[in-house]
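Colleague: Following is a predicted model, sequence given first.
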Amino acid sequence: MLQVNVEQARFNMIQQQIRPWEVLEQRVLDLMSDIPRENFVPTDYRNLAFADINIPLQHEQVMMFPKVEGRLLQALMLTSEDTVLEIGTGSAYMTALLAKLAKHVDSVDIFEDFVTEAENKLKSLNINNVSLKTGDAINGWNTDTQYDVIILTGAVPSLIDQFQSQLKEGGRLLAIVGEMQAAMQVRLITRKNEYFHQDVLFETSLPPLLGAQTQNHFIF
């Protein structure tokens, strides 16, 4: 793909997909224009880097629709003082976006090759405020550490208890919840003292995070 075509495709992604999906925060739009999404897409799908689709990854995982990535990023309202826990590194594109807005990101994936590839991708962009780990983190990770933001980048059948105690006051948990792909909800949970406020943002469809258990229910 010629460079001029890449930049036109990137512009079209922002203007025709992301903005119409109510992603209007300028710093999010600017960031998604600046971070080269094509660098995070598998080689076989490079020509679809800016398409309005879930892009297939290894292990039956996907890279989310650009408009979904933008909407999630906007909903988190990240600041430069926030510490983030990302469950599911995947392509590492969302990891890069989070890292550019937050103070530090801990990102964990169950697949070692995703983590290895993420390290190389982030290093190539001089993104150094990310700690990458391989592990089965869906039922808890660094449980003695509290975070400003926790994001689950794949679907879970129900919200996970273990993350409740890991949110700081005012912290946000973002998860895609549901067992049927046609009825998955993106939910944002905000901690207010010992109470948790929940908003349903929109519906989408993603493969499940491995290890999520149906018996875990979030306590409000």
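Modeller: On my side now, so go ahead. Numbering: from 1, shown residues only.
Colleague: C-terminal to the helix or strand bottoming out on mean pLDDT in the chain, what's the next element?
Modeller: Taking mean pLDDT, DSSP states H and E as the measure, the helix or strand of the chain with the lowest value is helix 3-12, at a mean of 86. Sequence order places helix 26-34 as the next helix or strand after helix 3-12, per DSSP states H and E.
Colleague: I'd like the average pLDDT over that following helix.
Modeller: Mean per-residue pLDDT for helix 26-34: 97.
Colleague: residues in contact with that helix?
Modeller: 10-11, 13-14, 18-19, 23, 66, 69-70, 73-74, 97, 100-101 (CB atoms under 8 Å, 6 or more residues apart in numbering). Using the backbone N, CA and C atoms, a C-beta is placed for each residue, glycine as well.
Colleague: could you check the angle helix 3-12 makes with it?
Modeller: Calculated by axes from the mean of the first three to the mean of the last three CA atoms, to 10 degrees, helix 26-34 forms an angle of 150 degrees with helix 3-12.
Colleague: Only the buried residues of the biggest helix by length in the chain, if you could.
Modeller: Longest helix in the chain, counting residues (DSSP state H): helix 112-124. Neighbour counts over helix 112-124 (16 or more other CB atoms under 10 Å) mark 114, 115, 117, 118, 121, 122 as buried.
Colleague: pLDDT on it, on average?
Modeller: Rounded mean pLDDT across helix 112-124 is 98.
Colleague: Now do the helix or strand that it is followed by, average pLDDT.
Modeller: Per DSSP H and E, the first helix or strand lying C-terminal to helix 112-124 is strand 130-134. Regarding strand 130-134, the rounded mean pLDDT is 97.
Colleague: Would you indicate which residues of strand 130-134 are buried?
Modeller: Judged by neighbour count using 16+ other CB under 10 Å, the buried positions of strand 130-134 are 130, 132.
Colleague: where does the chain have low pLDDT?
Modeller: Residue ranges of the chain with pLDDT under 70: 1-4, 180-182, 212-220.
Colleague: from the contacts of helix 26-34, which single one is nearest residue 46?
Modeller: residue 10 (13.1 Å; CB to CB).
Colleague: of the buried residues of helix 112-124, closest to residue 82?
Modeller: Closest approach between the buried residues of helix 112-124 and residue 82, by CB to CB: residue 122, at 17.7 Å.
Colleague: can you tell me how far that closest one sits from residue 107?
Modeller: Going from residue 122 to residue 107 by CB to CB, to the nearest Å gives 9 Å.
Colleague: so what's the residue nearest to residue 124 when sequence neighbours are not counted up against?
Modeller: Distances taken as CB to CB, 6 or more residues apart in numbering place residue 39 nearest to residue 124, at 7.0 Å, with adjacent residues excluded. Taking CB under 8 Å, 6+ apart, we find residue 39 in contact with 121, 124, 125.
Colleague: How about residue 134?
Modeller: 108, 109, 110, 111, 112, 115.
Colleague: Widest-spaced pair of those residues?
Modeller: 108 and 112 (11.4 Å).
Colleague: wait, residue 56 sits on residue 64?
Modeller: No. The criterion here is CB atoms under 8 Å, and residue 56 misses it with residue 64 at 11.7 Å.
Colleague: re earlier: in TSV, list the contacts of residue 39 along with distance to residue 27.
Modeller: Formatted as TSV, those follow (distance: CB to CB, whole Å):
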residue	distance to residue 27
121	22
124	23
125	17
